[in-house]
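S.K.: I'll drop the sequence and a predicted model, then ask my questions.
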Amino acid sequence: MYVARIPNRGSPPAILLRESYREGGKVKNRTLANLSHWPEHKVDALSRALKGRPPTLELSQAFEITRSLPHGHVAAVLGTAEKLDIAELIDPTPSRRRDLVMALLIATVIAPDSKLAIARGLRTQTATSSLGEVLNVSGCDEDDLYAAMDWALARKERIEDTLAARHLANGTLVLYDVSSAAFEGRSCPLGAIGYARDGVKGRRQIVYGLLCTTAGVPIAIEVFDGNTADPKTLATQIRKLTTRFGLSRIAVVGDRGMLTSARITEELRPAGLDWLSALRADQIKALVEADALQLSLFDEHNLLAITHPDYPGERLIGCRNPDLAAQRAGKRRELLAATEKELNTIAAAVRRDKRPLRGKDKIALRVGKVINKYKVAKHFTLQITEEAFTFARNEQPIAAEAALDGIYVLRTSLPADTLTDDDVILRYKGLEDVERFFRTLNSELDVRPIRHRLADRVRAHMFLRMLSYYLSWHMKQALAPILFHDHDKPAAAAKRTDPVAPAQRSDLALHKAARKRTNEGVPVHSFTSLLAHLATLCANHIQPTADMPAFTMLTSPTPLQRQAFDLLAVSHRHGYT
């Protein structure tokens, strides 16, 4: 049987279903049905079936997308990691565990989560990105990741030594600061209640200290018990710098709570290290009372150098920041007003006619609950009797404290020919880069709450978070033109005519932040939102319906995605080339 199209003059051709047969040695045809009224696609399907050919499919039916995995963010982070030789840094020998550690680092930059969630995101059945497939770890589970963490921790010292060799040298400055991270559970020996530097109070926590370069590149991290005081963490860092890193001429930059006089005398001086820190408020007050620091000089200058016998061999640099002075004055007014409001409530309770508050002990108990709430008890005088309560501001200590608003004194052992007064101030303000690391851990990298029970797992957790930050730090530097980051640092530095004044942003950065677009009209992103946009570039697994092999096809990048990959100098096809 076959379909025949018979010409019909002046009309559409007749479509007939015909049959060929042989009779008396001759081939004859007969019509079985008139198909002229059939739609064309049915006629075509019947004709192809009679010829033994597969039916014609629409283009949308010719292929099936069996899986679509977000890939752009994986390509960006993994490509950057390879440019930085992160795999070689972890271990020179390729191995499955090295690949698992790489997966942990990249997953943390992309979407930080628990090890269980990361394992599910890597596995073939539950993959949330192409990461597991690209690194060939799509068969892993959470136990594999825990084993990889333990394996990486055993290499921590060698990795930190390599980072130090990359970024530190004799004659440079090293920033050091500590923070804390809240803890889940009660069984980890490192967890303890202590001073909550991250603002999460009343929870068990760990303390961790970071060494980084003056540019903010992380070098080494150390985890301590949650109730460890800042100065107690310094000794291990000194041994790390001098013994493991082999540095003999280096200056440690730390805040006044870290580099105390006792730590300088007992640890830094004997180790032969220099330092850059600041004096505490009581030490500044002592200089003023001894007339070694004359506040009237700040009427003409915001910066002055002094010496004092209590600080032999050190340079003291007094600074006055008018903006900081205004901030502190405003905060003091608010705290005094808030304290007065609560004290007035108590005074009214004592004076009321109906059921007044009576008894010296009872009144004192109520006053005691609020007087230290805002840390300004020293600025009030109190009079409490059995039947009365009065209070007043103590103007003399208030005025004495106000006179020191915005004034801070830096101390350093570095001579002026090594570091000028202006550079001393700018290098001390470089501690903001360490604070940026802490903020990133608590926001983008989601370091808390910590859910590990074993001390070494906690150490491994923090160490891998540091390596993830190392990755994201370098990515942010490269992507700065399309991020809200200031990518014209020389212009920003030129606008800062006074080193004491707050840091300035370049005109390009201000323009970018105001318009939310670059000069080229490209939307400006945060690092997190840019990664989310890159993730829309997918690896599409396609299975043709015909007898053809399956293949993977990547989504074409958008103009913004192309620019991002160009800035990173990596290919969006990374992993599928």
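M.R.: Received, thanks.

S.K.: can you map out the strands along the stretch 101-250 of the chain?
M.R.: 172-182, 205-212, 218-224, 250-253 (DSSP state E, counting those that start in this stretch).

S.K.: looking at the ones you listed, which is buried most?
M.R.: Ranked by mean neighbour count, these are led by strand 205-212 with a mean of 26 (mean count of other CB atoms under 10 Å). (C-beta placed from N, C-alpha, C; glycine too.)

S.K.: Would you map the helices across the stretch 451-577 of the chain?
M.R.: Secondary structure of the stretch 451-577 of the chain (DSSP state H, counting those that start in this stretch): helices at 455-479, 489-495, 507-515, 527-534, 559-568.

S.K.: For Leu259, find the nearest of those.
M.R.: Among the helices of the stretch 451-577 of the chain, the nearest to Leu259 by CB to CB is helix 455-479 (21.9 Å).

S.K.: buried ones in the closest one?
M.R.: 457-476, 478-479 (16 or more other CB atoms under 10 Å).

S.K.: Do I have it right that Thr385 meets Lys360?
M.R.: Yes - counting by CB atoms under 8 Å, Lys360 is a contact partner of Thr385 at 6.2 Å.

S.K.: Redo the strands of the stretch 101-250 of the chain as a markdown table? Include mean pLDDT.
M.R.: As requested, the strands of the stretch 101-250 of the chain are arranged in a markdown table below (pLDDT from 0 to 100):
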| stretch | mean pLDDT |
| --- | --- |
| strand 172-182 | 91 |
| strand 205-212 | 93 |
| strand 218-224 | 95 |
| strand 250-253 | 93 |
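
S.K.: Thr93: which of those is closest?
M.R.: Shortest distance between Thr93 and the strands of the stretch 101-250 of the chain, using CB to CB, is found for strand 218-224: 22.9 Å.

S.K.: if we can go back for a sec, include distance to Leu276 and mean pLDDT when you put the helices of the stretch 451-577 of the chain into a markdown table, please.
M.R.: Converted to a markdown table, those look like this (distance: least, CB to CB, whole Å; pLDDT from 0 to 100):
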| stretch | distance to Leu276 | mean pLDDT |
| --- | --- | --- |
| helix 455-479 | 22 | 96 |
| helix 489-495 | 19 | 87 |
| helix 507-515 | 28 | 91 |
| helix 527-534 | 30 | 96 |
| helix 559-568 | 34 | 96 |
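
S.K.: separation between Met149 and Ile118?
M.R.: Met149 is 11 Å from Ile118, where distance means CB to CB, to the nearest Å.

S.K.: what do the two both touch?
M.R.: Listed as contacting both Met149 and Ile118 by CB atoms under 8 Å, 6 or more residues apart in numbering are Leu104.

S.K.: Which secondary structure state does Ala4 sit in?
M.R.: Three-state call for Ala4 (DSSP: H, G, I helix; E, B strand; the rest coil): strand.

S.K.: all helices for the stretch 251-400 of the chain, in order.
M.R.: Going by DSSP H, counting those that start in this stretch, the stretch 251-400 of the chain shows helices at 261-263, 269-271, 281-289, 322-351, 360-371, 395-403.

S.K.: what about those, which gets the closest to Glu142?
M.R.: helix 261-263 (41.1 Å).

S.K.: Give me the buried positions along the closest one.
M.R.: Buried residues in helix 261-263, defined by neighbour count with 16+ other CB under 10 Å: Arg263.

S.K.: Could you export the helices of the stretch 451-577 of the chain as CSV, including distance to Gln294?
M.R.: Below are the helices of the stretch 451-577 of the chain laid out as CSV (distance: least, CB to CB, whole Å):
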stretch, distance to Gln294
helix 455-479, 42
helix 489-495, 30
helix 507-515, 38
helix 527-534, 46
helix 559-568, 51
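
S.K.: residue closest to the middle of this structure?
M.R.: What sits nearest the mean C-alpha location of the chain, by CA atoms, centre = their mean, is Thr440, with 2.6 Å.

S.K.: mind listing what that one touches?
M.R.: Tyr469, Ser472.

S.K.: which SS class is it?
M.R.: helix.

S.K.: sorry, back to before: using TSV, lay out the strands of the stretch 101-250 of the chain together with distance to Leu273.
M.R.: Converted to TSV, those look like this (distance: least, CB to CB, whole Å):
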stretch	distance to Leu273
strand 172-182	9
strand 205-212	13
strand 218-224	15
strand 250-253	6
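
S.K.: mind checking which of those strands is nearest Asp310?
M.R.: strand 250-253 (20.6 Å).

S.K.: Residues contacting the closest one, please?
M.R.: For strand 250-253, using CB under 8 Å, 6+ apart, the contacting residues are 168, 170-176, 214, 237-238, 241, 259, 268, 273-277, 412-414, 419, 427-428, 430-431.

S.K.: Buried among those residues? Need that as a selection in ChimeraX.
M.R.: Selection command for ChimeraX covering only the buried members of the contacts of strand 250-253, criterion 16+ other CB under 10 Å:
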select :168,173,174,175,176,214,237,238,241,259,268,273,274,275,276,277,412,413,414,419,427,428,430,431
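
S.K.: closest one to Ala337 among the helices of the stretch 451-577 of the chain?
M.R.: Across these, closest to Ala337 is helix 507-515 (CB to CB), at 33.7 Å.

S.K.: helices and strands around the closest one, which ones?
M.R.: For helix 507-515, the packing partners by 3 or more CB pairs under 8 Å, 6 or more residues apart in numbering; DSSP states H and E come out as helix 489-495.

S.K.: List the buried residues of the helix it packs on.
M.R.: By 16+ other CB under 10 Å, the buried positions in helix 489-495 come out as Ala492.

S.K.: going forward can the numbers begin at 11, since that is how I track them
M.R.: Will do, 11 is the new start, and the previous item becomes helix 499-505.

S.K.: With only the CA atoms kept, save it in PDB.
M.R.: Only the C-alpha atoms of helix 499-505 are listed here, as PDB (Å, rounded to 0.1, in the frame of the first residue of the first chain):
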ATOM      1  CA  LYS A 499      41.600  52.600  45.100                       C
ATOM      2  CA  PRO A 500      44.300  55.100  44.000                       C
ATOM      3  CA  ALA A 501      41.600  57.800  43.400                       C
ATOM      4  CA  ALA A 502      40.000  57.000  46.800                       C
ATOM      5  CA  ALA A 503      43.400  57.300  48.500                       C
ATOM      6  CA  ALA A 504      44.000  60.700  46.800                       C
ATOM      7  CA  LYS A 505      40.700  62.000  48.200                       C
END
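
S.K.: tell me what it is packed against?
M.R.: Helix 499-505 packs on helix 517-525, going by 3+ CB pairs under 8 Å, 6+ apart.

S.K.: Now do the end-to-end distance for stretch 458-472.
M.R.: From its first residue to its last, stretch 458-472 covers 10 Å (CA to CA, to the nearest Å).

S.K.: right, I mislabeled it, should have said stretch 239-252
M.R.: Start-to-end, stretch 239-252 (CA to CA) is 22 Å.

S.K.: that older thread, out of the strands of the stretch 111-260 of the chain, nearest to Tyr12?
M.R.: Short answer: strand 228-234, nearest of the strands of the stretch 111-260 of the chain by CB to CB, at 76.7 Å.

S.K.: who does the closest one pair up with?
M.R.: Here strand 228-234 has these sheet partners by DSSP bridges: strand 215-222 (antiparallel).

S.K.: Just the angle for the strand it pairs with relative to helix 465-489, thanks.
M.R.: Orientation check (axes from the mean of the first three to the mean of the last three CA atoms, to 10 degrees): strand 215-222 against helix 465-489 gives 40 degrees.

S.K.: how far off strand 182-192 does strand 215-222 point, in degrees?
M.R.: Going by the same axes, to 10 degrees, strand 215-222 makes 160 degrees with strand 182-192.

S.K.: centre of the chain versus strand 215-222, how much separation?
M.R.: 15 Å (CA atoms, centre = their mean, to the nearest Å).

S.K.: Over to stretch 107-127?
M.R.: 15 Å.

S.K.: got it, and stretch 161-174?
M.R.: That offset, for stretch 161-174, works out to 21 Å (CA atoms, centre = their mean).
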